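Enquirer: give me a 3D structure for the following:
(one chain, ligands or ions: 2)
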Amino acid sequence: MERIVNLTIDDVGIKGKSGQTIMQAADDNGIYIPRLCAHKELTPYGSCRVCTVIINGRPQSACTQPIAEGMIVENDSERVREIRRDIIDMLFVEGNHYCMFCEKSGNCELQAIAYRLGITAPKYPFMFNKREVDASHPDLMIDHNRCILCARCVRASKDIDGKNIFQFTGRGTHRKLEVNSEANLKDTDAAIVDRAFSICPVGCLIRKRKGFAVPIGQRIYDNKPIGSDIERQHQ
Ligand code: SF4
Ligand code: SF4
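Expert: Numbering: from 1, shown residues only. Ligands and ions are numbered 1, 2, ... in the order given. Now for the predicted structure:
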């Protein structure tokens, strides 16, 4: 049976439901916890660590950690923001992100979280890894330069589209998103309507001939910070 669970996030007492994660309870109470791999339509994955919070002095992922009675969560403190800035900085330098030329700019969650955290330039040196572009499909393309390996597309293709088009190969810095075919995207049954292609938080999975349909200046995060939809619910 579902129980009410009392916890505290940043000194604010909130109520959650038993079985919820910290992120779910925070969302329901209008408290934004940044996230990249997590998405409401997908099962929690806990890979990007952008949702790191501190509980009893220990960093935990808010998207996978269940709430507990009396739990005290630190979410928006300077030391937590610093952990998140480090993670976002690493994501920028591991890939090749040139926001001013990117179709996703203004709609990109990575860029929007960086702005929200006050990042103007990564503090680590760029790695300039060589990444490929797969433009083989007539309607879709993959620009691996911008992939942050969040697995949203992997889960959406499997659990929502019922196709299982994507997988990861390799480990560590060699980890890579691949399509489940011998060759390229055109050899899969990927389609323009697939949720997998609209759920990517960055500009890696792209629909061809849709570029700049919404002008710069009118995009989701051009005029309001990421997370304000969650925060607005309770203002
Ligand atoms: S995917 Fe996002 S962070 Fe990367 S270049 Fe495009 S707008 Fe910038
Ligand atoms: S293509 Fe997009 S959704 Fe898929 S793993 Fe890369 S960043 Fe995540």
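Enquirer: which residues of the chain lie near ligand 2?
Expert: C147, I148, L149, C150, A151, R152, C153, L177, C200, V202, C204, L205 (C-beta under 6 Å from any ligand atom). Quick note: C-beta positions are derived from backbone N, CA and C, even for glycine.
Enquirer: which residues touch the closest residue to the last one other than its chain neighbours?
Expert: If I follow you right, that is L205. Residue nearest to L205 in three dimensions, not counting chain neighbours: F197, with 4.8 Å by C-beta to C-beta, 6 or more residues apart in numbering. For F197, the set of contacting residues under the criterion of C-beta atoms under 8 Å, 6 or more residues apart in numbering consists of L140, C153, A190, L205, R207.
Enquirer: please name whichever of the residues you listed scores lowest on pLDDT.
Expert: When it comes to pLDDT, R207 is the least confident member of these, at 94.
Enquirer: now for R81, how many residues are close by?
Expert: Look at R81: counted by other C-beta atoms under 10 Å, it has 15 neighbours.
Enquirer: what does I113 give?
Expert: Applying other C-beta under 10 Å, we find 25 residues neighbouring I113.
Enquirer: pretty sure it is touching C51, no?
Expert: No. Contact between I113 and C51 fails when scored by C-beta atoms under 8 Å: they sit 10.4 Å apart.
Enquirer: can you map out the helices along the protein?
Expert: Listed in chain order, the helices of the chain (DSSP state H) span residues 22-28, 78-94, 109-116, 152-159, 228-232.
Enquirer: got the domain ranges for this structure?
Expert: Taking automatic domain parsing as the reference, the chain has its domains at 4-76, 102-207.
Enquirer: would CSV of the ones you listed with distance to ligand 1 be doable?
Expert: Output for the domains of the chain, formatted as CSV (distance: least, C-beta to the nearest ligand atom, whole Å):
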stretch, distance to ligand 1
domain 4-76, 11
domain 102-207, 3
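Enquirer: dump those to CSV, plus distance to R219.
Expert: Converted to CSV, those look like this (distance: least, C-beta to C-beta, whole Å):
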stretch, distance to R219
domain 4-76, 18
domain 102-207, 3
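Enquirer: just the strands in the chain please.
Expert: Here the chain has its strands, by DSSP state E, at 4-9, 12-17, 52-55, 58-61, 72-74, 133-134, 140-143, 166-169, 176-179, 205-207.
Enquirer: go through stretch 211-223 and flag the buried ones.
Expert: Neighbour counts using 16 or more other C-beta atoms under 10 Å place R219, Y221 of stretch 211-223 among the buried residues.
Enquirer: which stretch among the strands of the chain comes nearest Y98?
Expert: strand 140-143 (10.8 Å; C-beta to C-beta).
Enquirer: quick one: the closest one to chain centroid distance?
Expert: Using C-alpha atoms, centre = their mean, to the nearest Å, the mean C-alpha position of strand 140-143 is found 18 Å from that of the whole chain.
Enquirer: go on, stretch 191-206?
Expert: Taking C-alpha atoms, centre = their mean, one finds the center of stretch 191-206 at 13 Å from the center of the full chain.
Enquirer: relative to T169, how far out is the residue nearest the centre of the chain?
Expert: Of all residues in the chain, the one closest to the mean position by C-alpha atoms, centre = their mean is L36, 1.5 Å from it. Using C-beta to C-beta, to the nearest Å, one gets 21 Å for the distance from L36 to T169.
Enquirer: ok, back up a step: which neighbours do I113 and C51 share?
Expert: Common neighbours of I113 and C51 are listed as P34 (criterion: C-beta under 8 Å, 6+ apart).
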